[in-house]
Structure formats: C-alpha cells, structure tokens
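Novice: just coords:
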C-alpha cells in the first residue's frame, strides 16, 4: 500500500447501531497513525494518535486499534448517536521526525439517522 | 492556550486573479505549519509545509506558493488562479515534537469562477 486508504467511503446507520471503519496505511517506515473527526462547518479535531503495534485507545463510545505490521487501524463507534455524524479521517505520519507530515486518507462519511 | 486563525472563510475569485490566504498561530513558538487542500470528492492533500521562518517545502507541483515571513504566520498565494484551484483550504500546525496531534484552522472555501 503506497497511500492511506479508508473504507467504506460512506456509511448510513440507525441510532444505536455500532459501526466500524478501516484505515490502511504503508507499514514500512511507520511512525504514527492519527484519527480525526470532521464535522461540517468545523475544523477537524483529533480523536487519537497511535504509535504502538497492538495499541488500543478509547474515548467514550469511540475506540481504535492499530496493527503496524500489516498496516491497518480500525475505528469503532458503539451505540451511534446522531451527533456522531461526521467525516472520520485517518492520517499516517511516515518517518515522524522534524517535519511531522500527515498523509490523510479520503475519509469515511458517517450519517446516523435518529 | 494555543489557537490558530485562518481567513477569509469564503472567497470567490475570477480565473486569473491573485490569491492570498493567511494563517496565524498564537500561544506557541516555532510551530510546524501546513497547508492542506480538499478538492471536490477527494481527501485532504498536503500542499506545503514549513518547519521555520523562510523554510517552505512543496509536496505537489501546482499553481500555488507559500511563504512564512514570521514564526507564526503562514501564507498561501497564487499570482493567477485556475479553475482547478477551487477547493477547501485548511491550515494546520503541529507542535515541533513527534506523535502529537494536529490543530486546524477553520478553513477557507475558495471558488474560482
């Protein structure tokens, strides 16, 4: 994998459903993997920054896992609420270092129907 | 606390006109600064980044340029806009240490007509 890829592109779920998205990234030269939540008319906000293989992070009903050897991360939302509707972005920070460049995927657009 | 300001919020410009978008950061020093663009139906593409005053790195060849005249100021410019320059532009900063999150401005919606 040369780029950061996210799937699905969009997702429509009912309130209360649990859902998950996938982020695939180059496993070589891995340094960090970021997840952001981007609501319409707002700035993207960080959810997680993950660095360790096997790491799992949680914030409320949202959690994420990381597999750096195979190059993927999953984001889970338990019991989706309408306020969870947003675009979820993942970004790889290859090599880290002084530049801290983030390479973003195209995002997963989540719509939660009440 | 640190804040990032980006303006204007929306801009409609004719083809061939110049462009200047400004981004400033408060409450920090020597930040890494970034310009991203989201074109219609696409993800965030890194355009430029800067690790210090006068230091600009371009990620993709394009019709745009960037400058960093002061430590906490990052400017995106064009001498003559193209239709393909339309999109949503985001400025971001990351503290100069690894494994920290990025902070984004409010964004500029640029429409070239």
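Specialist: Arrived safely. Worth saying up front: this structure is predicted, and the values here are computed from it rather than measured.
Novice: rest of the way, CA atoms for contacts and neighbours
Specialist: Will do.
Novice: near chain A, which residues of chain B are found?
Specialist: With C-alpha under 8 Å from any C-alpha of the partner chain as the criterion, chain B meets chain A at residues B:32, B:42-46, B:49-51, B:94, B:96-107.
Novice: of those, which belong to strands?
Specialist: Residues of the residues of chain B next to chain A located in strands (DSSP state E): B:32, B:44-46, B:49-51, B:94, B:103-104.
Novice: tell me the most packed of those, by neighbour count.
Specialist: Counting neighbours by other C-alpha atoms under 10 Å in any protein chain shown, residue B:49 comes out on top of those with 26 neighbours.
Novice: per-residue confidence for the closest residue to that one other than its chain neighbours?
Specialist: Nearest non-adjacent residue to residue B:49, counting by C-alpha to C-alpha, 6 or more residues apart in numbering or on different chains: residue B:34, 4.3 Å away. If you check residue B:34, the pLDDT there is 94.
Novice: what about the residue lying closest to residue A:75 once chain neighbours are set aside, which SS state?
Specialist: Counting by C-alpha to C-alpha, 6+ apart, residue A:64 is the residue found nearest to residue A:75 once chain neighbours are left out, at 4.4 Å. What DSSP: H, G, I helix; E, B strand; the rest coil gives for residue A:64 is strand.
Novice: before we move on, back to that, who touches the residue nearest to residue B:49 in this structure?
Specialist: Residue B:34 makes contact with B:46-50, B:91-93 under the criterion C-alpha atoms under 8 Å, 6 or more residues apart in numbering or on different chains.
Novice: paired strands for the helix or strand containing it, with orientation please.
Specialist: Assigned by DSSP states H and E, residue B:34 falls within strand B:32-38. Here strand B:32-38 has these sheet partners by DSSP bridges: strand B:44-52 (antiparallel), strand B:87-94 (antiparallel).
Novice: reformat those strands as a markdown table; add mean pLDDT.
Specialist: Converted to a markdown table, the strands paired with strand B:32-38 look like this (pLDDT from 0 to 100):
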| stretch | mean pLDDT |
| --- | --- |
| strand B:44-52 | 92 |
| strand B:87-94 | 93 |
